[in-house]
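Engineer: Need coordinates for the following:
(one chain, ligands or ions: 2)
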Amino acid sequence: MSNTAERVNIVDTQVLSHDWYLLKKITFDYHRNNGEWQRQTREVYDRGNGAAILLFNREQRTVVLTRQFRLPVFVNGHDGLLIEVAAGLLEGAAPEQRIRDEAEEETGYRVHDVKKVFEAYMSPGSVTEKLHFFIAEYDSASKVGEGGGLEEETEELEVLEWRFDDALAAFQRGEICDAKTIMLLQYAAMNNLFGA
Ligand SMILES: Nc1nc2c(ncn2[C@@H]2O[C@H](COP(=O)(O)OP(=O)(O)O[C@H]3O[C@H](CO)[C@@H](O)[C@H](O)[C@@H]3O)[C@@H](O)[C@H]2O)c(=O)[nH]1
Ligand SMILES: [Mg+2]
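Structural biologist: Residues are numbered from 1 along each chain as shown. Ligands and ions are numbered 1, 2, ... in the order given. Just a heads-up that it's a prediction; the model follows:
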């Protein structure tokens, strides 16, 4: 059977929480490979889709990263702030436009030519979110503000400009442990963004 929609019948949708984001419990029948229909339930957390961007300067061999407190990571035992690429939720906007705005809000760099490099589901067993990944070149002329995020959203991001090699080494030591950031650093390495 090739069409997934023919394998799935949604039986019931229960909203468990609809506060900041939306958490549902969905009961469905799934047509298994052996031909049987099986009833299953899954909790599905919907925060919308997002976008992330690696800002890089080929000549300087640098990247722009952010460092911020992440509560879910803290409650999972992580000690310290999290180092990430600039990223944000789309809130209904087109990914290209949203990521330019987000890059400027979070890092202070205004970039025009953003290149989409891939898309990925970040936690497909429970979270609906698809993340759109971008890269863009920046230089000192692109700096139009301080960045740091939106105060009214209680954001408090530190902006880091690191040598790419130092960022890769930090990942290898486990000091960069955010998936979207690791994926973009690996993309840069795989595609020789900084030359061989
Ligand atoms: N009051 C309140 N504020 C919230 C809550 N959840 C999120 N926020 C606020 O909503 C804003 C969302 O900021 P964005 O920059 O749009 O998103 P993000 O949190 O940086 O998310 C990015 O990183 C995530 C983790 O990697 C990604 O999952 C996500 O797609 C995106 O890339 C932040 O100010 C955050 O503090 C909540 O439950 N309550
Ligand atoms: Mg963000």
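Engineer: Are stretch 130-139 and ligand 1 in contact anywhere?
Structural biologist: Yes - Stretch 130-139 lies within reach of ligand 1 by CB under 6 Å from any ligand atom, at residue 131. Every residue, glycine included, has its C-beta placed from N, CA and C.
Engineer: buried ones in that stretch?
Structural biologist: Residues 130-138 are the ones in stretch 130-139 that count as buried (16 or more other CB atoms under 10 Å).
Engineer: Could you tell me which residues of this structure lie near ligand 2?
Structural biologist: 87-88 (CB under 5 Å from the ion).
Engineer: residue in the chain nearest to ligand 2?
Structural biologist: Nearest residue of the chain to ligand 2: residue 88, at 4.2 Å (CB to the ion).
Engineer: just to revisit the earlier point, just name the closest of the buried residues of stretch 130-139 to ligand 1, please.
Structural biologist: Nearest to ligand 1, judged by CB to the nearest ligand atom, of the buried residues of stretch 130-139 is residue 131 at 5.4 Å.
Engineer: State the helix or strand in which that closest one lies.
Structural biologist: Here residue 131 sits within strand 130-137, counting by DSSP states H and E.
Engineer: Please name every helix or strand in contact with that strand.
Structural biologist: Under the contact criterion of 3 or more CB pairs under 8 Å, 6 or more residues apart in numbering; DSSP states H and E, strand 130-137 touches strand 50-57, helix 95-107, strand 115-121, helix 179-190.
Engineer: Need the pLDDT of the closest residue to residue 68 other than its chain neighbours.
Structural biologist: Nearest non-adjacent residue to residue 68, counting by CB to CB, 6 or more residues apart in numbering: residue 157, 4.6 Å away. We have a pLDDT of 94 for residue 157.
Engineer: count of residues packed around residue 157?
Structural biologist: Per other CB atoms under 10 Å, the neighbour tally for residue 157 reads 20.
Engineer: Could you measure from it over to ligand 1?
Structural biologist: 9 Å (CB to the nearest ligand atom, to the nearest Å).
Engineer: quick one: that residue and residue 66 touch, right?
Structural biologist: Yes - in this structure residue 157 lies within contact range of residue 66 using CB atoms under 8 Å: 4.4 Å.
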